[in-house]
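Asks: here's a sequence, model it:
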Amino acid sequence: MNKKINKKAKNLQINDYWLNGYHACVAAINNADRQKNLLIMTKEVSEKLSKNFDIQKFDFEHRIVSRHEIDKYVGRETNHQGIGLNVRRIEKVNIKDFVKNLPQDISTIAILDQLEDSQNVGAIFRSALAFNINGIIMTESNSVGENSFVAKTASGALDIVPFTVINNISNIIKFLKECGYWIYGLDGKSSMVLETTKFPNKIALVLGSESRGMRNITSTLCDELIRININSEIESLNVSNTAAIAFYHLSTSK
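Replies: Numbering: from 1, shown residues only. Next up, the predicted model:
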């Protein structure tokens, strides 16, 4: 094992973790708000990165290593594509600053209410970037947080789509309403259909957990509950698929 890498790894903090995969790592490198600690990559990946970056000017440690060395840090079963980047988790943004930095006239945000699956959350970030969702709010309790699986599935979107984490969803929804947002909850039992709904300029879309859906306390705070019109022989869609459909529709309805 490379002794210098090993020494660096021992000094990592509790909020540090390993990203892997080319797109996730490149997005993190481009993110000025992301603290980068250590980049390890194969010679081939270094040459690929050099087409877009002056690697020697990176202000964080970077080393060319073998794929076997990368395996030791990101996992032997991981398709890391020859690159691993140790980073600090993105610092949580105060909700007032988060909303202040969003577009003020036309804005769409997603609220993830106690989602527990990293792949679902990562896929939602990826769809959010694809369909120009302006930001994502995640709940802290009973929810998956930022991690390597979320980042890998998001394929770079985690470092591009603004997001924050909150403790009390009731207070946040009330605050968003004060800021001019209309709150919609996705509920398969609603009589109101996504496709025929006329949306205002500023909306927040609430997505409930994979197992329980939206909590009662959350649904009662929504201005409207809506559903996606699907075949009656299927009870529901996966939450990330639901999000992708809703994001696409919202991106074309304004």
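Asks: got the domain ranges for the protein?
Replies: Per automatic domain parsing, the domain ranges recorded for the chain read 3-88, 95-252.
Asks: least reliable of those by average pLDDT, please.
Replies: With a mean of 89, domain 3-88 has the lowest mean pLDDT of the domains of the chain.
Asks: ok, Asn134 touching Asn101?
Replies: No. Counting by CB atoms under 8 Å, Asn134 does not reach Asn101; the two are 9.3 Å apart. Backbone N, C-alpha and C define where each C-beta goes, glycine included.
Asks: common neighbours of those two, please.
Replies: Common contacts of Asn134 and Asn101 (CB atoms under 8 Å, 6 or more residues apart in numbering): Pro162.
Asks: who has more neighbours, the two?
Replies: Asn134 (16 against 12; other CB atoms under 10 Å).
Asks: look at Thr153 and give its secondary structure.
Replies: Of the three states, Thr153 takes helix under DSSP: H, G, I helix; E, B strand; the rest coil.
Asks: for it, give me its contacts.
Replies: Contacts for Thr153 (CB under 8 Å, 6+ apart) come out as 118-119, 121-123, 125-126.
Asks: roughly how far apart are it and Asp117?
Replies: Thr153 sits 10 Å away from Asp117, going by CB to CB, to the nearest Å.
Asks: can you check Ala110 too?
Replies: Counting by CB to CB, the gap from Ala110 to Asp117 is 15 Å.
Asks: quick check: the gap between Arg212 and Ala123.
Replies: On the measure of CB to CB, Arg212 and Ala123 end up 19 Å apart.
Asks: Ala110 and Asp117 - which one has more neighbours?
Replies: Ala110 (26 against 18).
Asks: tell me what whichever strand or helix holds that one is packed against?
Replies: Assessed by DSSP states H and E, Ala110 sits inside strand 107-112. Helices and strands touching strand 107-112, as assessed by 3 or more CB pairs under 8 Å, 6 or more residues apart in numbering; DSSP states H and E, comprise helix 118-130, strand 135-139, helix 169-178, strand 202-207, helix 239-252.
Asks: hmm, try it at 7 Å
Replies: If contacts are counted by 3 or more CB pairs under 7 Å, 6 or more residues apart in numbering; DSSP states H and E, strand 107-112 sits against helix 118-130, strand 135-139, strand 202-207.
Asks: need these in TSV with distance to Ala27 and mean neighbour count, can you?
Replies: Listed next are the helices and strands packed on strand 107-112 as TSV, based on distance: least, CB to CB, whole Å; neighbours: other CB atoms under 10 Å:
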stretch	distance to Ala27	mean neighbour count
helix 118-130	10	23
strand 135-139	15	22
strand 202-207	23	23
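Asks: from Thr42, how far out is Thr78?
Replies: Distance from Thr78 to Thr42, counting by CB to CB: 14 Å.
Asks: go on, Ala123?
Replies: 27 Å.
Asks: again with Val99
Replies: Taken as CB to CB, the span from Val99 to Thr42 is 42 Å.
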